[in-house]
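# Give me a model of this one.
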Amino acid sequence: MNIIPVIIWIVLGIICAIIHKNKGYSPVAGFCWGFFVSIIGLSVVLLEKTKEEHDMEMTNQKGLSMWQWMAIFLGIGIVLIIIFFMVMGSL
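Model (predicted):
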């Protein structure tokens, strides 16, 4: 096993944890974004609104918007694709 990808995943996890914490969210969730989803997770954490902005928007809104539902389904789809390829690669 090559150690360089593991080091990159850990570094991206730490970077995402710091950014996520500075935006008012859980650093553990930020680390998971960076470690498990790498560059995509970094872009999600960078584009995410701060906790205060998100809370203000949610108080003015009754439910999830179409874009939020699409992001949820896209995220689930990406995770399922990653799991599929990890399982198929181990066979």
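
# Against which helices or strands is the helix or strand hosting Leu46 packed?
Taking DSSP states H and E as the definition, one finds Leu46 inside helix 27-47. With contacts defined as 3 or more Cβ pairs under 8 Å, 6 or more residues apart in numbering; DSSP states H and E, helix 27-47 has these neighbours: helix 3-22, helix 66-90. Yep, even glycine has a C-beta here, placed from its N, CA and C like the rest.

# Go ahead and name everything in contact with the helix or strand of the chain with the lowest mean pLDDT.
None of the helices or strands of the chain scores lower by mean pLDDT, DSSP states H and E than helix 51-59, at a mean of 82. By Cβ atoms under 8 Å, 6 or more residues apart in numbering, the residues outside helix 51-59 that reach it are 23-25, 48-49.

# Now with 6 Å, please.
24-25 (Cβ atoms under 6 Å, 6 or more residues apart in numbering).

# Return the angle between stretch directions for it and helix 66-90.
120 degrees (axes from the mean of the first three to the mean of the last three Cα atoms, to 10 degrees).

# related to what we said a few turns ago, turn the helices and strands packed on helix 27-47 into JSON lines, columns for mean neighbour count, mean pLDDT and distance to Met58.
Converted to JSON lines, the helices and strands packed on helix 27-47 look like this (neighbours: other Cβ atoms under 10 Å; pLDDT from 0 to 100; distance: least, Cβ to Cβ, whole Å):
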{"stretch": "helix 3-22", "mean neighbour count": "16", "mean pLDDT": "92", "distance to Met58": "18"}
{"stretch": "helix 66-90", "mean neighbour count": "10", "mean pLDDT": "90", "distance to Met58": "10"}
